[in-house]
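**Q** sequence and computational prediction follow.
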Amino acid sequence: MDRIEPDQTPAEAWKSSLDATCNRLLSHYHGLLRSAASSTTDGGGQVGSDPRAGGGPMRDADDPPPPPLAANVKMTALQAKLSTENLCVASSNVLDLIRTLRLSVLLTDDDLIRAEEEEEALGMFEACLRAEDEYASLESRLMDLRRRRV
């Protein structure tokens, strides 16, 4: 059986489009933050666990760092750079959303807003009238029932 649903008003269509955009950007932002927070142990092992790889103490301040320490520093620097880039992309997406919201508010026509508000007010007024009619009919039925009892 087919359900008949009324067409969306422009405001409802805009709101659903905006919600979809927000959800998409937030899930993208969440993914970027998750990747930015990934740990260095995702590679399957720890650098420097092999005793043959070096990693002994530095005997002089001018000595280069031992190989495992240098590998950890490079990996951490790379992850920090990638995290920074991911956060920049996420921030750019959020700023795009803010610009879109501002533009849509500026482009929204005052007459259209007033017409939608008036339509909603008329709908509420009609609902109130129906409620009053229902109340009056229920009250009259109650009065009839009371008269019959007496």
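**A** Perfect, I can see it now. Residues are numbered from 1 along each chain as shown.

**Q** so which elements touch the lowest-mean-pLDDT helix or strand in the chain?
**A** With mean pLDDT, DSSP states H and E as the measure, the helix or strand of the chain carrying the lowest mean pLDDT is helix 10-36 (a mean of 75). Where contact means 3 or more CB pairs under 8 Å, 6 or more residues apart in numbering; DSSP states H and E, helix 10-36 is packed against helix 67-107, helix 110-149. Placement of C-beta: from N, CA and C, glycine included.

**Q** please parse this structure into its domains.
**A** In the domain annotation for the chain, the residue ranges read 10-39+67-108, 109-150 (automatic domain parsing).

**Q** worst average pLDDT in the ones you listed?
**A** Taking the mean pLDDT of each of these, the lowest value is held by domain 10-39+67-108, a mean of 76.

**Q** what's the most buried one of the domains of the chain?
**A** Sort those by mean neighbour count, taking mean count of other CB atoms under 10 Å, and domain 10-39+67-108 sits at the top with a mean of 13.

**Q** for that domain, measure first residue to last.
**A** According to CA to CA, to the nearest Å, domain 10-39+67-108 extends 10 Å from its N-terminal end residue to its C-terminal end residue.

**Q** starting at the chain centroid, how far to that domain?
**A** Going by CA atoms, centre = their mean, to the nearest Å, the spacing between the C-alpha centre of domain 10-39+67-108 and its chain's C-alpha centre is 11 Å.

**Q** measure I98 to L87 for me?
**A** Distance check for I98 against L87: by CB to CB, to the nearest Å, it reads 16 Å.

**Q** one more: E126?
**A** Counting by CB to CB, the separation of E126 from L87 is 51 Å.

**Q** repeat for A13
**A** Applying CB to CB, one obtains 32 Å for the distance of A13 from L87.

**Q** same deal with V94?
**A** Applying CB to CB, one obtains 10 Å for the distance of V94 from L87.

**Q** same check on Y29?
**A** Taking CB to CB as the measure, Y29 falls 9 Å from L87.

**Q** swap in L25?
**A** Taking CB to CB as the measure, L25 falls 14 Å from L87.

**Q** now E5: which helix or strand?
**A** With secondary structure defined by DSSP states H and E, E5 is part of neither a helix nor a strand.

**Q** if I look at it, what pLDDT would I see?
**A** As summarised for this prediction, E5 has a pLDDT of 70.
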